[in-house]
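Asker: Got a sequence here, can you model it:
(3 chains)
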Amino acid sequence: MADIQLKSLTKRWGAFVGLKPMDLHIGDGEFLVLLGPSGCGKTTTMRMIAGLEDASGGDILIGGKRVNDLEPKDRDIAMVFQSYGLYPTMTVYENIRFPLKVRGIPEAEHHDRVMRAARTVELTEFLDRKPAALSGGQRQRVALARAIVRKPKVFLMDEPLSNLDAKLRVSTRAQIKNLHHELRTTTIYVTHDQIEAMTLADRVVVMSRGEVQQVGTPLEIYDRPANTFVAGFIGSPAMNLMQGTLKGGVFEAEHVRIPGLAGPDGPVTLGFRAEDASIAATGEIAAPIYAMELLGDA
Amino acid sequence: MSTRLADRRPPAMQAILIGFLALWLVIAAFPFLWTLWGSFKVEGDFFSKADWANALRGPLTRAETGGAFTGAGYHGAWIQESFWRAAINTLIVVVSVVTISLTFGTLGGYALSRSPYRYAFWLLIVALVFRAMPPIALISGYLLPFYQWNLWGHLPTAIIVLVAINQPFTLWMLTSFFRNIPKDLDESAMVDGCSRFQAFRHVIIPVMWPGVITTGLFSFLLAYNDFAVTAMLLDKENQTMIPKIAFFLGTTQTKGNVMFAVAAVVSATAPLFLLVVFFQRQIVSGLTAGAVKG
Amino acid sequence: MKHRTFFWFILPSATAMLLFIALPIVSVLIQSVHAPHQQVIREVENCNVFGCTTTTVVDQEATRLLREAAPMGRFVGTGIYTDRNHLAISEVGALWTKSEGMGDFFGQLLNLPFYGALAFTLTYTALVTPLAILLGFAVALAVNAIPRLFRGPAIFVSLLPMIVTPLVGALILFWMVDARGILGAAIQSLVGDPTLSIKASTPLMWAMLIVYGIWSTSPFAFVVYYAGLQTVPQDTLESAMIDGATRWQRIRHVIFPHLLPLTTFMALIKIMDNFRVFEPIVSFNAGAHAQSLSYFIYSDLGGETRLLSSAAATSVLTILGVVILLSPVLVRTWRSFGKETA
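Answerer: Numbering: from 1, shown residues only, chains lettered A, B, ... in the order given. Prediction:
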């Protein structure tokens, strides 16, 4: 168990900046989600924490100890990869046992620990199979079991659900949530799927173009996005954004006039969620209806 | 699998293609069959001044040896001219070259496939330039230093030179092969507690064999088929098969020596036949790997 | 991968290439500007009753000392490059002023050994590469047209000319076209000249070497094209049919564009390989009629007096030729690879 601290962590490849200086404190036992579109630096951040990528600047502290110069194996972390990274020549049992074996944990403990991990993710019937003989969801669970078998300080998960179909994704998501609830291990979870972020996270870090846009609880980033990027990225459908001017507490744009808003006068962008608007005969927005879609009780 | 409509050809065209294919197959295979057949005749029949058909009927073979076929060429080459010694040398050279090339190549290829840095790319470009160097041009650079340091003539010298000449190709092939092994695999292992080398040993080596076998086949061919290096760098006692065959040609004045060469040629081709029989799929996939991807 | 780990992994391979490819290139360069020491000549005065005469003798001791002191030989600059056996600058200059017309000039030029070798090498490369690619393409089409069951054996047979040792493959053909061999006899009866000998004729020798080149190179083209044909996008082919394209239009607009990148790749690789043509000339014993650059080096190295400096100069010129031929490949790799890593 440990907290993680990033102190102006940066990544550059030549002239290209992969991650602008990032400061973040991840509390012990917290479930933190790095969320953003592809190429936003979220995976790079995680890989630097894992030690799979060198940091170009800044410090990474796990449990108060600087780990920048440690090999991945010495950082006491476990990671679930997007394509799971299962060892194709080993059985499920051997896959789960591998971290114990290479770390020289006494042989006598292996069987118990492997079985306990396998039970946690409901894999006990498949222990003799090779990864190739498993379904996507089962492989995913092997990867999870391999991560938890060794009680690491930190879990890192790199889009672990992206290769699963929609239905399985929901159930596995719940399983991960439950796992975290039981083990209370500090977890960093990378995803581009905001539903995963919203359902799993204690806190979400929204990133774009190598820069942190906002850090907050799921509700905070949903209700009070820090900027238009977060507003447009979070929520389905995304927040409606309108350009206009604010003058004396009244927002004005073409066909739109909304009074009763606070803020300095000048050009502004106004955002509102779909559920906050309804169709009415008269109202603050006077515009023809373009199309109507049924989205359920969103 | 049923042919799709889009694949169907008019019958006339189909006939032309099949006729052409038959012709090509004859052109490709006949020289080998003919030489195999002829290697069991005497020189007067296989190289008949009177009538080429003598090679088929073999009147002189019958007259000289009493049978329709004779193993005299093989006996002469293998026993009298000690071709067996050349065969053993070839075996030593080829096995060593393949083993060392693959050891060096897997380590280097793995590193090149996993390094994100620019210098890895530069190294591959340099290797590509090296791959295009005519071996004989390099050999003129070896001779003087090798004489000077007394390295000339020995099998290990030829082996290490062949390994080096082999490296550029081996590196390219294995690098592109290792790139297809997901990075997740060794990175998992490193997070699970391995050093880079342990990750290579525990999880990469068990899955790399298909690529290594394919690359190994081409290393084998390069070492086995080489003439320039082995002919110029080995002395007579250490000669391998291919220079030995060339040597037979140099001494064709004596009657029968040509048949030694014919027998030796057939003997040297036989292992290659077996290679294609067993590894056809790997050879084809190896040849196309670069092309289809590039 | 960390720099240090990378270094240890690449070390064996890089060392081998450095020692036996990079350094020899340097060594060749150095040798090509040095010539062997001449023997040290000493004048000795012999006096007898008839008076004194001076004779010259070889000073063995001084020669040995000189050779030991500078084993590379004496520095001659570009002397070897410009001599008659290489670029033959003065001979070419003389030819240029004396010759009557371009035809005569080139005819004479080819008698100079280096230009003769260059001419054959380029002719061989220029003819074998496209013809082998065409033949390989035709074979690929044909193999693609037969039932799946027969394709394996057809591929097996088609691979043989490529897989066989070049020296051996060339020998096999050479024996067949020998005046006493089956093909030689066939050709003699075809043209009705029982004395016709391929060995004696320069054009026939060139033709035979090129035939061998095509025979041994086309399997590679075949394999690549055959693999290419398996991956032709069926959807595009079928939508072209639905759009009303004729058979030829489908080939022209779907299959050819699909195979084009393969063709460039192959052409570049094969140009490089054909430029190094060597073994068939040894097998055909064709040195008198056709020399390639590689063979030219080989014969300098293999003779009674090993002409190391001359071979080195030709090697340097050949390497230059390879680099020129290679430049398109380098640019291409540069682009495609550069994109990948960026």
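
Asker: near chain B, which residues of chain A?
Answerer: A:13-14, A:50-52, A:71-73, A:77-79, A:81-89, A:98-99, A:102-103, A:146, A:150, A:156 (Cβ under 8 Å from any Cβ of the partner chain). (Each C-beta comes from the backbone N, C-alpha and C, glycine too.)

Asker: from chain A, which residue is nearest to chain B?
Answerer: Relative to chain B, the nearest point of chain A is A:Gly85 (3.4 Å; Cβ to the nearest Cβ).

Asker: my read: that residue touches B:Ile181, true?
Answerer: No - with contact defined as Cβ atoms under 8 Å, A:Gly85 does not reach B:Ile181; the gap is 10.7 Å.

Asker: So which of those two has more stuff around it?
Answerer: Between A:Gly85 and B:Ile181, A:Gly85 has the larger neighbour count (other Cβ atoms under 10 Å in any protein chain shown), namely 25 against 18.

Asker: and the more buried one, helix, strand or coil?
Answerer: coil (DSSP: H, G, I helix; E, B strand; the rest coil).

Asker: Tell me where the longest helix sits in chain A.
Answerer: Counting by DSSP state H, the longest helix found in chain A is helix A:166-183.

Asker: Buried residues, that helix. List them.
Answerer: A:Leu168, A:Arg169, A:Thr172, A:Arg173, A:Gln175, A:Ile176, A:Leu179, A:His180 (16 or more other Cβ atoms under 10 Å in any protein chain shown).

Asker: so where's the chain shaky on pLDDT?
Answerer: Just so you know, I chose chain A. Scanning chain A for pLDDT under 70 picks out A:1, A:297-298.

Asker: let's do chain C instead
Answerer: Judged by pLDDT under 70, the stretches of chain C that qualify are C:303-305, C:336-342.

Asker: now with 80?
Answerer: Counting by pLDDT under 80, the ranges of chain C that qualify are C:1, C:36-74, C:77, C:79, C:99-101, C:179, C:302-306, C:328-330, C:332-342.

Asker: Show me what whichever strand or helix holds C:Thr54 is packed against.
Answerer: C:Thr54 belongs to strand C:51-58 when assigned by DSSP states H and E. Applying 3 or more Cβ pairs under 8 Å, 6 or more residues apart in numbering or on different chains; DSSP states H and E, we find strand C:51-58 packed against strand C:41-48.

Asker: Relative to the strand it packs on, what are the paired strands and their orientations?
Answerer: strand C:51-58 (antiparallel) (DSSP bridges).

Asker: List the contacts of the next helix or strand after the partner strand.
Answerer: Scanning forward in sequence from strand C:51-58 by DSSP H and E, the next helix or strand is helix C:60-69. Helix C:60-69 is contacted by residues C:His37, C:Gln39, C:Val40, C:Arg42 when judged by Cβ atoms under 8 Å, 6 or more residues apart in numbering or on different chains.

Asker: Which of those residues are buried, as a ChimeraX select command?
Answerer: Per 16+ other Cβ under 10 Å, the buried members of the contacts of helix C:60-69 correspond to this ChimeraX selection:
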select /C:37,40
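
Asker: Give me the phi and psi angles of C:Phe284.
Answerer: phi -80, psi 0 (degrees, to the nearest 10).

Asker: ok, now which ones touch it?
Answerer: By Cβ under 8 Å, 6+ apart, C:Phe284 lies in contact with C:Ala170, C:Phe174, C:Lys199, C:Met205, C:Met208, C:Leu209, C:Tyr212.

Asker: Going along the chain, name the helices of the stretch 151-300 of chain C.
Answerer: Ranges of helices in the stretch 151-300 of chain C, per DSSP state H, counting those that start in this stretch, are C:166-177, C:182-191, C:202-230, C:234-242, C:247-250, C:256-275, C:279-283, C:293-302.

Asker: Report the buried residues of the fifth one.
Answerer: Spelled out, it's helix C:247-250. Across helix C:247-250, burial judged by 16+ other Cβ under 10 Å covers C:Arg250.

Asker: and that helix, is it in reach of chain B?
Answerer: Yes - counting by Cβ under 8 Å from any Cβ, chain B is contacted by helix C:247-250 at C:Arg247, C:Arg250.

Asker: Over to the third one?
Answerer: Yes - judged by Cβ under 8 Å from any Cβ, helix C:202-230 comes into contact with chain B through C:Trp215, C:Pro219, C:Phe220, C:Val223, C:Val224, C:Tyr226, C:Ala227, C:Gly228.

Asker: wait, isn't B:Phe247 in contact with B:Asp235?
Answerer: No - contact between B:Phe247 and B:Asp235 fails when scored by Cβ under 8 Å: they sit 11.8 Å apart.

Asker: Looking at these two, which one has more neighbours?
Answerer: B:Phe247 (16 against 10).

Asker: which residue packs closest to that one, ignoring adjacent ones?
Answerer: Among residues not flanking B:Phe247 along the chain, B:Gln239 sits closest, at 6.8 Å (Cβ to Cβ, 6 or more residues apart in numbering or on different chains).

Asker: Identify the residues contacting the one you found.
Answerer: Shown in contact with B:Gln239 (Cβ under 8 Å, 6+ apart): B:Arg85, B:Ala86, B:Asn89, B:Thr230, B:Phe247.
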